[in-house]
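> what's the 3D shape of this:
(one chain, ligands or ions: 2)
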Amino acid sequence: MSAETIVAIATPPGRGGVGIVRVSGSSLESLATSICGKALIARIATHTQFRGANNDIIDDGIALFFKAPASFTGEDVLELHAHGSPIVLQALVRRAIELGARHAEPGEFTKRAYLNGKLDLTQAEAVADIIDAATESAARAAVRSLSGEFSKHIQTLQDRLIRLRMFVEATLDFPEEDVEFIEQEKAREQLASTRAALESVIAQAAQGQLLHDGIRVVLAGAPNVGKSSLLNALAGEDVAIVTPIAGTTRDTVRARVSVNGLPVEFIDTAGLRDTDDPVEKIGIERTRAAIADADLALLLVDAKSASVAADIAKLAEELPNSLRAIIVRNKIDTLSNRRETETSDIDMPHSSLVTRNLPISAKTGAGIETLRNAIAQAVGYEHREGGTFSARERHVTALKKTLTHIDAAKQHLDHIALELFAEELRLAHESLGEITGEFTADDLLGEIFSRFCIGK
Ligand SMILES: Nc1nc2c(ncn2[C@@H]2O[C@H](COP(=O)(O)OP(=O)(O)O)[C@@H](O)[C@H]2O)c(=O)[nH]1
Ligand SMILES: [Mg+2]
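Ligands and ions are numbered 1, 2, ... in the order given. From the prediction side, this is the model:
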């Protein structure tokens, strides 16, 4: 290994109880001895004084040394646990650089772990996903990916494909055999069951992607229907100003909330209406921009309005055709007649996209739980107790590519074009390999690791 020695502060910027500087390289024994003033025993926490070039004391702390390959990166790793002072930590980094290290790039420690075979690519991505997780469910899913759960599914699919390829290769070698027909039936069955297994992994990965990406939900409606009140009710705190004055909200106000474990960013907006107020006009432009950017819209109307159907039809005109929406009738606490709260059939301009018609009260909290469930359902999120693994768009894309190769393979098998069949199986295998990093272009690696934070 000729890799350069890298160093970075591993703890977040700012002051804290403890701050950690991490060093990784092919041989760190002499660097460790220089800083710590004594030889370190691998994996034993050593209380020592960290020393500068003139033997001056930089700080008093704990040193941990991991000997290659039994370390996170697979190289020698030195961790200096100092006091959480940015000045001290920077001095330690400078000291390591004096001794031959250089600043680590974002994600470089994890990239080395991947290149040294300590983690496959889905596991390396899971490291970043744990750090970035917005909800506990998302964090747990990422931990499952890190522990190899996603990779295991990929491996199982690849093993199935290998068995199929072995069959074809045998058949290609002895084309005149009588067993051929029976064998082909078997191949057909195996291909079908592999396809079913792949579809189940795609469904799980789609859930994992939802947990990783989260969704954006825009609250849209006329002024005073209770959008800001609903945002506050969903967030469980007063993030937006609520007043009886129409046109209170001008800026978009955002709140991140866990909806049954799904990370959701709710965006409260200026109410849609014709106005001459120049500030409110800008607010309404921002409302339209937020709508264009959203995964789901909650269309709010006042349940007491005499023209609910017309109000909704007007709002629906503002939505792009592809945007899913839930109609929410707010302020049901103001209705005296119980029958009025029942959902009436409202004719929607693009009704196929409107999934519900929910009565709620942002004031009393009635119906909010049902609304949360409806939001999860509208984007296809299923909260599972056992949970899923975390996944990203690129994984789902690669899985879908695998599916197209398997479908193409099936066609070739039907036409007994066995060489083409084998080729599609090879391509399917390769698409799966892109996920775990078995077959991955360098620029993709660069892109993945550059999004990590420094020191990870
Ligand atoms: N009775 C009742 N009043 C509500 C409810 N939701 C909002 N309001 C009131 O309606 C007014 C406008 O609310 P606000 O959230 O500012 O509406 P926005 O303009 O759509 O953001 C305020 O006086 C709220 O207290 C509700 O569910 N029931
Ligand atoms: Mg408002």
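
> neighbours of the residue of the stretch 1-150 of the chain found nearest ligand 2, just the number please.
Scanning the stretch 1-150 of the chain for proximity to ligand 2 using CB to the ion identifies residue 134 as nearest, at 24.3 Å. Any C-beta I mention is one placed from the backbone N, CA and C, and that applies to glycine too. Residues within reach of residue 134, counting by other CB atoms under 10 Å, total 19.

> Please tell me the pLDDT value assigned to it.
At residue 134, the predicted lDDT confidence score is 92.

> Hmm, residue 261 and it touching each other?
No. With contacts counted by CB atoms under 8 Å, residue 134 stays clear of residue 261, the gap being 9.9 Å.

> which residues sit in contact with the nearest residue to residue 97 once chain neighbours are set aside?
Excluding the flanking residues, the one nearest residue 97 by CB to CB, 6 or more residues apart in numbering is residue 7, at 6.6 Å. Residues near residue 7 by CB atoms under 8 Å, 6 or more residues apart in numbering: 21-23, 93, 96-97, 101-104.

> Got a PyMOL select line for the buried ones in these?
To isolate in PyMOL the members of the contacts of residue 7 that are buried, counting by 16 or more other CB atoms under 10 Å, one can use:
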select buried, resi 21+22+23+93+96+101+104
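
> Narrow the contacts of residue 7 to those in strands?
21-23, 102-103 (DSSP state E).

> Going by distance to residue 155, which of the residues you listed wins?
Nearest to residue 155, judged by CB to CB, of the ones in strands among the contacts of residue 7 is residue 22 at 30.4 Å.

> can you list the weak-confidence ranges in the stretch 51-200 of the chain?
Low-confidence segments of the stretch 51-200 of the chain, defined by pLDDT under 70: 172-182.

> which parts of stretch 84-94 are buried?
Neighbour-count burial for stretch 84-94 [16+ other CB under 10 Å]: 84, 88-89, 91-93.

> actually stretch 275-287, not the one I typed
For stretch 275-287, a neighbour-count test (16+ other CB under 10 Å) marks 275, 280, 283-284, 286-287 as buried.

> Repeat that for stretch 446-456.
Neighbour-count burial for stretch 446-456 [16+ other CB under 10 Å]: 448-449, 452, 455-456.

> and that stretch, what's its mean pLDDT?
85.

> Look at the nearest residue to residue 48 once chain neighbours are set aside and report its pLDDT.
Spatial nearest neighbour of residue 48, chain neighbours left out: residue 36 (4.7 Å); criterion: CB to CB, 6+ apart. Looking at residue 36, its pLDDT reads 97.

> Repeat that for residue 375.
95.

> and it, which of the three is it?
At residue 375 the chain is in helix, as set by DSSP: H, G, I helix; E, B strand; the rest coil.

> got a list of what it touches?
217, 259, 264, 296, 298, 326.

> Can you name the secondary structure element that comes next after the helix or strand containing residue 163?
Using DSSP states H and E, residue 163 falls within helix 149-173. Using DSSP H and E, the next helix or strand after helix 149-173 towards the C-terminus is helix 180-213.

> before we move on, back to that, ligand 1: which of the contacts of residue 375 is nearest?
residue 298 (11.1 Å; CB to the nearest ligand atom).

> taking the buried residues of stretch 84-94 one by one, which sit in helices?
88-89, 91-93 (DSSP state H).

> And residue 198, how far from residue 448?
Residue 198 sits 23 Å away from residue 448, taking CB to CB, to the nearest Å as the criterion.

> just residue 311 next, same as before
Counting by CB to CB - residue 311 and residue 448 are separated by 46 Å.

> Likewise for residue 104?
In this view, residue 104 and residue 448 are 16 Å apart by CB to CB.

> which ones are touching residue 123?
Counting by CB under 8 Å, 6+ apart, residue 123 makes contact with 114, 145-146, 148, 151.

> And for residue 416?
Contacts of residue 416 (CB under 8 Å, 6+ apart): residue 184.

> again with the one 4 residues further on
When the contact criterion is CB under 8 Å, 6+ apart, the partners of residue 420 are residue 412.

> Output the set of residues of the stretch 251-400 of the chain in proximity to ligand 1.
271, 330-331, 333-334, 361-363 (CB under 6 Å from any ligand atom).

> Could you work out the most separated pair of the buried residues of stretch 275-287?
Farthest pair in the buried residues of stretch 275-287, by CB to CB: 275 and 286, 13.3 Å.
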